[in-house]
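*Asks:* With the input below, show me the fold.
(2 chains)
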Amino acid sequence: MNRILEPSDAEKILSTALRNGGDFADIFIERKKGTGITCEADKIERVFSGLDVGAGIRVIYNGNTAYAYTNDITFDGLMKVAEEVSKAAKVSSGSVTLNLKQKDPPYSFEIKEVPDMVSVDKKVDIVSKANKAARCFDSRVKQVTVGYGDTVQEVTVANSEGTYINGKRVRTRLIVNVVASDGKHIQTGFESAGGFSGFELYKTVSPVELARKAAARAVLMLEAKPAPAGQMTVVMAGEAGGTMIHEACGHGLEADLVQKKLSVYAGKIGEKVAADIVTVIDDATIPNLYGSFPFDDEGTEGQKTVLIENGVLRSYMYDWLTASREKRKSTGNGRRESYQYKPIPRMTNTYIAPGSYDPEEIIKKTNKGLYVKKMGGGQVNTTTGDFAFEVSEGYLIENGRITAPVRGATLTGNGPQVLQTIDMVGNDLGWAIGTCGKDGQGVPVSDAQPTIRIPKLIVGGILE
Amino acid sequence: MNERCAKLKDETKYMEIAGEVIKKAQKAGAEHSEVYFTASEELSIDIRDQEVETMKKANEFGIGLRVIKDQKVGFAFTSEIKPESLENLVREAVANSEKTSVDEYNIIPEPSKIYPSVDVYDPDLEHVSIERKIELAKEIEQYGKNFDKRVKITETCTYEDSKYLIVIVNSKGIESSYRGTFAGAYSYFVAEENGEHQTGFGMQFSTKIRDLNPKEIGIEGAQKAVSMLGAKNIKSQKAAVVLDPYVMTNFFSIIAPALTADSVQKDKSLFKGKIGQKVASELITIVDDGRMNGGIFSAPFDGEGVATSETVLINNGILQGFLYNTYTAAKDGVESTGNGVRLSSYRGTPEVGTTNFYLKEGKYSKDKLISEVKKGLYVTEVMGMHTANPISGDFSIGVAGIWIEDGEFAYPVKGAVIAGNILEFLSSVDFVADDLRFFAGKGAPTVRVSEITISGD
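*Replies:* Numbers count the residues shown, from 1 in each chain, chains lettered A, B, ... in the order given. Predicted coordinates:
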């Protein structure tokens, strides 16, 4: 692989960035190639390709950050940016000598078919197959949008602590959105799949199956009644995805929010914050998941971090800056959307570890409630712990059985309260992918949970 | 073209590069081609506890190329302006066009006859020193913290600004550019009392830095946070709901997409086939104005070089029309409304989108609006708005705010959900106040809905 930045140049750039002092400096430089294909109205509407090249340089001085970025990644261009950020520090500490050592990523994920070596025809074919499958599913399917995307991101990170690392991140994804109408109502169904993976993703993910699933949901929701309103027992299926855990606790365990006292979980390490049966883990090392990586955007290796173990809070997620404030090591959660952003602590693949219950038994033991088969997006206020997330596919549970489908429900609750009350955890585990937004930055993540039961949650539905 | 470091000032150079790319694209077989070139300089300053926590400076440029060949459209972009990258750009855009479907409405626009003159450039921005901008953000924090002792934590107080240049050149004779600026500032505070935490934010955006008022921004965030202390859950019920201007603009994320011709043509709009019909309360008038005086998203032309315009979408509850770009207009045999928006800048094609989009103000004050509410929820915060469905119009979103009883604010409320469908919602609006306020490109006054399901305990 061609290096985007030679270690000797990186040394000069970082020395310049620190010429007026500062505790730390780093450079993140990337070259990202991508393809996007959209099919809508039964047509291949767009085929995009793009090249994004840029670098961000950061100086940390007394715990504060100066950050600048540019598309001009020539040596001269980068030196200019380094000079610019060096102004943040006020003391001239004389010359800084750096000796960068190339570090190899601790592990790698096998990429069999790098997307930029796969013909556009083959990619278009995936999209067409999904489009056709969704359209053929039911006559009430009125519109189908299929989006294919892949990126190949070459990254080099170097910092004043001697790190110099480079690598390639390859991500592929497919989304299907189906609109169904019976003349009176319009409903939609959405499915997505993706991974830190090349085009071989489609050996395990069937575009046809994905499309049928989305179409089936859109059609089903036409027949669904509005969800009931008020407090009730909620059972979330393993296949529902992990939006709940991502919102209810994940964000609150990011060290920047914790240190600013913007998290309900601040100051609670070692304390009981969840029911005994709840263990929450963030793991960037799982091969080929959407939120996986060998090293984060600060050059720290990807790690598996147990956040909550049997209900006890064990760790937060750290990037370099938040870790240095506590004189500890980063947990490899320093991520950024691109060179345009400074890194901040972010989740990777976050999940509730499986428990002992058979999922069917959990339903059987629930007299009345809501069964969530698929979750959508969500949001949390980490300061209060209050969260809300969408139910894309839900059913009523009556007398221990799943009955009528319901639409339009949002679940809301308070993270710490919900975690304390989870009373059953299944032995299954289902992943879903997403793009997580924080401080205006979107990063690929995945999350999962087994089937779980929450005795009381507010369902935002419609009163008869 | 060898000089790779682009500067905002080099307008003519950009025009030249764009012209060369067009020539190359035409030579490579494109029937028509279009270059969208943008360069920007950005600054943001985050203040916390009177210290500059983060200062960010950015310098960005990039070029997007759209080509049409055999009625097929192809697109590619690059942020690397080296000769070989530009060669690649042309080759990929043309190659991509070969893979898309034939569509006779794929058209690159002709120059518009008249372009409006808009004032979106603030020369002051360059002359105000960074020190002064830091000071402004610090003042925001001071005003907020001094407002009330219970304002204990600053999440951030931020100042940001941007200077940009946009150049569009196409093979049909468009060769235009303009410069713009914007400045914005916001406050995020946490108020604390008896171990309870509540958050609040304040914000202002303008094309001109002198419009920013640090006192207002600081106090707004602080006051919102303090007013939520002591929030409780409420019982599920049907009641009136009052949306503050910011919350109302959040609802545009369901309304605006349904008012684009793109959604209508693709069977994704609730408003399809309803032009001339009543789709909302007669108090509702919704406008998109791409040339609005002082509008953040005002511009002489849209993302494909078509003159911007003012489009009344809903007038006194009656649906008037939709927003168009060149493609959707050709399909419907009408003129583009100048709403070809480059949502992802040079990284994407011009899709139908909004510019300055707002709900017109009513006649009477917000005080009068509140005083008439027997029982209801004044919503100041929404959660999960992005989960609302613009296609079905269904929404179910987390809300917090202040309970109103007998025309007076009673106590703060948290953890509730309001749910319904946007068409019913628009029809049940029974009061639109006179306090229209813009939040970047979206504006609304305080709005009251007569009755909606509020889910609680």
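
*Asks:* Could I get the pLDDT score of the residue of chain B found nearest chain A?
*Replies:* Proximity of chain B to chain A (CB to the nearest CB) peaks at residue B:417, 2.4 Å away. All C-beta atoms are positioned from the backbone trio N, CA, C, and that covers glycine. The per-residue pLDDT reported for residue B:417 equals 94.

*Asks:* what is it paired to in the beta sheet?
*Replies:* Applying DSSP bridges to residue B:417 gives these bridge partners: residue B:398, residue B:455.

*Asks:* give the contact list for it.
*Replies:* By CB atoms under 8 Å, 6 or more residues apart in numbering or on different chains, the contact list for residue B:417 reads A:229, A:388, A:410, A:412, A:458-461, B:396-399, B:454-456.

*Asks:* where's the dip in pLDDT among those?
*Replies:* The minimum pLDDT among the contacts of residue B:417 falls on residue A:461, with 87.

*Asks:* and that residue, what does it touch?
*Replies:* Neighbour list for residue A:461: A:226-230, A:406, A:408-409, B:396, B:417, B:419, B:453, B:455 [criterion: CB under 8 Å, 6+ apart].

*Asks:* ok, of the residues you listed, which come out buried?
*Replies:* Buried members of the contacts of residue A:461, scored by 16 or more other CB atoms under 10 Å in any protein chain shown, are A:226-230, A:406, A:408-409, B:396, B:417, B:419, B:453, B:455.

*Asks:* Which ones among the residues you listed lie within strands?
*Replies:* A:226, A:230, A:406, A:409, B:396, B:417, B:419, B:453, B:455 (DSSP state E).

*Asks:* Once you drop chain neighbours, what's closest to the third one?
*Replies:* Pointing back at residue A:406 there. Nearest non-adjacent residue to residue A:406, counting by CB to CB, 6 or more residues apart in numbering or on different chains: residue A:227, 4.1 Å away.

*Asks:* check contacts around the one you found.
*Replies:* Neighbour list for residue A:227: A:370, A:391, A:394, A:406-409, A:459-462, B:396, B:419 [criterion: CB under 8 Å, 6+ apart].

*Asks:* Could I get those residues in JSON lines, plus columns for distance to residue A:129?
*Replies:* Formatted as JSON lines, the contacts of residue A:227 follow (distance: CB to CB, whole Å):
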{"residue": "A:370", "distance to residue A:129": "34"}
{"residue": "A:391", "distance to residue A:129": "29"}
{"residue": "A:394", "distance to residue A:129": "29"}
{"residue": "A:406", "distance to residue A:129": "31"}
{"residue": "A:407", "distance to residue A:129": "28"}
{"residue": "A:408", "distance to residue A:129": "31"}
{"residue": "A:409", "distance to residue A:129": "32"}
{"residue": "A:459", "distance to residue A:129": "37"}
{"residue": "A:460", "distance to residue A:129": "37"}
{"residue": "A:461", "distance to residue A:129": "36"}
{"residue": "A:462", "distance to residue A:129": "38"}
{"residue": "B:396", "distance to residue A:129": "33"}
{"residue": "B:419", "distance to residue A:129": "36"}
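
*Asks:* Out of these, which is nearest to residue A:376?
*Replies:* Of all the contacts of residue A:227, residue A:391 has the smallest distance to residue A:376: 7.0 Å, by CB to CB.

*Asks:* Residues of the stretch 101-250 of chain B that sit close to chain A?
*Replies:* B:101, B:103, B:153, B:155, B:190, B:197-199, B:233, B:236-238 (CB under 8 Å from any CB of the partner chain).

*Asks:* Filter those residues down to the buried ones and hand me the PyMOL line.
*Replies:* Buried subset of those, written as a PyMOL selection, criterion 16+ other CB under 10 Å:
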select buried, chain B and resi 101+103+153+155+190+197+198+199+236+237
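
*Asks:* from what I can see residue B:387 touches residue B:397, true?
*Replies:* Yes. Contact criterion CB atoms under 8 Å: residue B:387 and residue B:397 qualify, at 7.1 Å.

*Asks:* Now residue A:99: closest residue in space, sequence neighbours ignored.
*Replies:* Spatial nearest neighbour of residue A:99, excluding adjacent residues (CB to CB, 6+ apart): residue A:162 at 6.4 Å.

*Asks:* Measure how buried residue A:270 is and give me the count.
*Replies:* Using other CB atoms under 10 Å in any protein chain shown, residue A:270 has 9 other residues around it.

*Asks:* quick one: the closest residue to chain B within the stretch 251-400 of chain A from residue B:232, how far?
*Replies:* Among all residues of the stretch 251-400 of chain A, residue A:388 sits closest to chain B, at 3.1 Å; criterion: CB to the nearest CB. For residue A:388, the distance to residue B:232 equals 17 Å [CB to CB, to the nearest Å].

*Asks:* if you count what's nearby, which of those two comes out ahead?
*Replies:* Neighbours of residue A:388 and residue B:232, each counted by other CB under 10 Å, are more numerous for residue A:388; the result is 28 against 12.

*Asks:* ok, what's across the strand from the more buried one?
*Replies:* Going by DSSP bridges, residue A:388 forms beta bridges with residue A:379, residue A:412.

*Asks:* in the chain, what spans have low per-residue confidence?
*Replies:* You didn't say which chain, so I picked chain A. A:1-2, A:91-95 (pLDDT under 70).

*Asks:* you looked at the wrong chain, it should be chain B
*Replies:* Within chain B, the segments meeting pLDDT under 70 span B:1-9.

*Asks:* Now residue A:25: which helix or strand?
*Replies:* Assessed by DSSP states H and E, residue A:25 sits inside strand A:24-40.

*Asks:* Pull out the buried residues from that strand.
*Replies:* A:24-40.

*Asks:* Can you list the strands that that strand pairs with?
*Replies:* When sheet partners are counted by DSSP bridges, strand A:24-40 sits next to strand A:43-61 (antiparallel), strand A:141-159 (antiparallel).

*Asks:* quick one: which of those is nearest residue B:218?
*Replies:* strand A:43-61 (25.9 Å).

*Asks:* And that closest one, how far out from the chain middle?
*Replies:* Distance of strand A:43-61 from the chain centroid (CA atoms, centre = their mean, to the nearest Å) equals 18 Å.

*Asks:* Could you pull out the buried residues of that strand?
*Replies:* So strand A:43-61, judged by 16+ other CB under 10 Å, has buried residues A:44-61.

*Asks:* okay, now residue 167: neighbour count?
*Replies:* All of this refers to chain A. Residue A:167 has 17 neighbouring residues, counting by other CB under 10 Å.

*Asks:* meant chain B actually
*Replies:* By the criterion of other CB under 10 Å, residue B:167 has 23 neighbours.

*Asks:* next one: residue B:390
*Replies:* Residue B:390 has 22 neighbouring residues, counting by other CB under 10 Å.

*Asks:* next one: the one 4 residues further on
*Replies:* Residues near residue B:394, counting by other CB under 10 Å, number 24.

*Asks:* Bridged to it, which residues?
*Replies:* Assessed by DSSP bridges, residue B:394 has beta-bridge partners residue B:421.

*Asks:* In space, what's closest to residue B:341 - neighbours in sequence excluded?
*Replies:* residue B:353 (3.1 Å).
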